[in-house]
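Colleague: Sharing a sequence plus its predicted fold:
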Amino acid sequence: MLSGVGIVCFSASYAIALVLEVSRLLFRSGVRGIAMLGFAGAGLVAHSAYLYHRFSESKVHRLSSEHDWYLVAAWILVVVYLYLVYFHPRTAFGLFLLPLVLGLIGIATWFADYEVRESASWGWGVLHGSALLLTVVAVLVGFMAGLMYFWQARRLKHKLPPGRGIQLPSLEWLQRANSRAIVVSVLALGVGNLSGIVLNHNRLTADRLHWNDPTVLSTQLLFLWLLGTAIAGVFYKPARHGRKVAYLTIASFIFLVITLGVGLLLPTGHGRDGQAPAAGEQGAAALAPPQCPPCVDSESSRSLTALGPTVLGGSA
């Protein structure tokens, strides 16, 4: 029964919720808020059922393929969206969060791999994958807050009235959200890197990743950028305020996109038992149509032990 819950179900629910968010710009409605929560909540239920189905397909290596990893990230963003909308019903968070959710689902469906790539020690693998997942979510939330900051700052600078049906948080609130997103992301990625080093050390010597692996290099570049922005905020206080911190979170999003793109499109041994696929095979896999859940072999549903290493990597 759960196998019949497809990606289209929750994607459509999120898309309708996004359309309702956009309609704030056009007209007012007394029932729109309830409808948005209803569609987003229904999507979250279907989303959870799909992930549960993926989880229950195999007794080992659960929810750890690239496909699952992106869907879990999208699931967390939806939870964040519902929380914000419930406590700030007049603020149009969905205009910024829901496109990111749909983007992650699109990547999971059309570009990410469904198959198991490696197994790892359970404890370190869970820590590694969870830390990298938190990094992605923190950067995406910071990106949302940065965009909202610029929108609100522009409106106040030109003394424009609030848009019809649109209310944004104060600049102070958005500034705090940006700063905290940077701190959370750098701490999470630091933990992901350290746990990745341990995972890599536990592999056979012949299968260990080298420092010049594309995924490892791009991830370390992202970490150095996040660490640099955090240090700048400590020693240069203006970097924690106003447009500067918003620019930093948007730049962090760009680095994140580059890192994820490298993990998806370039040949890498990261998360592949030390064997990088040929570039042609990687590209062909990315363009191939996705498999439906019932068609995926039961062995292809990995556990959190290999969750993060297939997308972002410390050195695992």
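Modeller: Cool, got the structure. Numbering: from 1, shown residues only.
Colleague: Next SSE downstream of the helix or strand harbouring Y86?
Modeller: Element membership of Y86, judged by DSSP states H and E, is helix 66-87. Using DSSP H and E, the helix or strand that follows helix 66-87 in sequence is helix 94-110.
Colleague: Quick check: which helices or strands does that next one pack against?
Modeller: helix 7-22, helix 32-56, helix 66-87, helix 122-157 (3 or more C-beta pairs under 8 Å, 6 or more residues apart in numbering; DSSP states H and E). Quick note: C-beta positions are derived from backbone N, CA and C, even for glycine.
Colleague: Keeping just the C-alphas, turn that helix into PDB.
Modeller: Output of helix 94-110 as PDB, limited to C-alpha atoms (Å, rounded to 0.1, in the frame of the first residue of the first chain):
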ATOM      1  CA  GLY A  94       6.600  29.800   1.500                       C
ATOM      2  CA  LEU A  95       7.500  32.100  -1.400                       C
ATOM      3  CA  PHE A  96      11.100  31.400  -0.500                       C
ATOM      4  CA  LEU A  97      11.100  27.900   1.100                       C
ATOM      5  CA  LEU A  98       8.700  25.900  -1.100                       C
ATOM      6  CA  PRO A  99      10.700  26.500  -4.300                       C
ATOM      7  CA  LEU A 100      13.800  25.100  -2.500                       C
ATOM      8  CA  VAL A 101      11.700  22.100  -1.400                       C
ATOM      9  CA  LEU A 102      10.500  21.400  -4.900                       C
ATOM     10  CA  GLY A 103      14.100  21.900  -6.200                       C
ATOM     11  CA  LEU A 104      15.400  19.200  -3.800                       C
ATOM     12  CA  ILE A 105      12.600  16.800  -4.800                       C
ATOM     13  CA  GLY A 106      13.500  17.400  -8.500                       C
ATOM     14  CA  ILE A 107      17.100  16.600  -7.900                       C
ATOM     15  CA  ALA A 108      16.200  13.500  -5.900                       C
ATOM     16  CA  THR A 109      13.900  12.300  -8.800                       C
ATOM     17  CA  TRP A 110      15.900  13.100 -11.900                       C
END
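Colleague: Give me the contact list for it.
Modeller: 7, 10-11, 14-15, 17-18, 20-22, 24, 36, 40, 66-71, 73-74, 77-78, 80-81, 84-85, 140-141, 143-144, 147-148, 260, 264, 286, 289-290 (C-beta atoms under 8 Å, 6 or more residues apart in numbering).
Colleague: returning to that earlier point: could you dump the helices and strands packed on helix 94-110 to CSV with mean pLDDT and distance to Q167?
Modeller: Converted to CSV, these look like this (pLDDT from 0 to 100; distance: least, C-beta to C-beta, whole Å):
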stretch, mean pLDDT, distance to Q167
helix 7-22, 93, 12
helix 32-56, 90, 12
helix 66-87, 89, 12
helix 122-157, 85, 10
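Colleague: that older thread, could you pull out the buried residues of the helix holding Y86?
Modeller: For helix 66-87, the neighbour count (16 or more other C-beta atoms under 10 Å) marks 66-78, 80-82, 84-85 as buried.
Colleague: which residues touch Y14?
Modeller: Y14 touches 39-40, 43, 78, 98, 101-102, 105, counting by C-beta under 8 Å, 6+ apart.
Colleague: helices or strands next to the helix holding Y86 in the packing?
Modeller: helix 32-56, helix 94-110, helix 122-157.
Colleague: List the buried residues for the last one?
Modeller: It refers to helix 122-157. 124-149, 151-153.
Colleague: coming back round to it: which one among the contacts of Y14 gets closest to D113?
Modeller: Using C-beta to C-beta, I105 comes nearest to D113 of the contacts of Y14, at 15.3 Å.
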